[in-house]
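*Asks:* Okay, sequence plus prediction incoming.
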Amino acid sequence: MTDVPVDLDKHRGMAAQKATDLRRALAEVENNVRELREREADLESRMLTVPAMSWPEAAVKARYLLNLYAASLPSEDTRHRALVAALFDDFARLNGDG
């Protein structure tokens, strides 16, 4: 018996290796999505429970919500997308960023 592990992937056919790689990649993506959802839920919980103490803090919450809204817009809704972009520009200008 040897202490060196055997790389089983080398003993499989190419199709089996590709299938294994796809399963591993899918599992990693699913794990990342789950972690992202947990972080989003934590952020949203904090946003709900901690009131903004200034206009810039309120703008951060508004920016987050507007990003969620913009992500749900159909690609052909250019008018609402332009309104969101204009509001982001206003936030930046009023915050002194540009």
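*Replies:* Ah, there it is.

*Asks:* only C-alpha atoms for contact and neighbour calcs from this point on.
*Replies:* Fine.

*Asks:* Flag every buried residue along the strand or helix carrying L66.
*Replies:* Assigned by DSSP states H and E, L66 belongs to helix 55-72. Judged by neighbour count using 16 or more other Cα atoms under 10 Å, the buried positions of helix 55-72 are 59, 61, 63, 66, 70.

*Asks:* Sort out which one of these lies nearest P5 for me.
*Replies:* Distance to P5 across the buried residues of helix 55-72 (Cα to Cα) is lowest for A70, with 50.0 Å.

*Asks:* which residues does the closest one contact?
*Replies:* 80-81, 84 (Cα atoms under 8 Å, 6 or more residues apart in numbering).

*Asks:* measure it to T2 for me?
*Replies:* Relative to T2, A70 is positioned 58 Å away (criterion: Cα to Cα, to the nearest Å).

*Asks:* R63 too?
*Replies:* 58 Å.

*Asks:* and what of T49?
*Replies:* For T49, the distance to T2 (Cα to Cα) stands at 58 Å.
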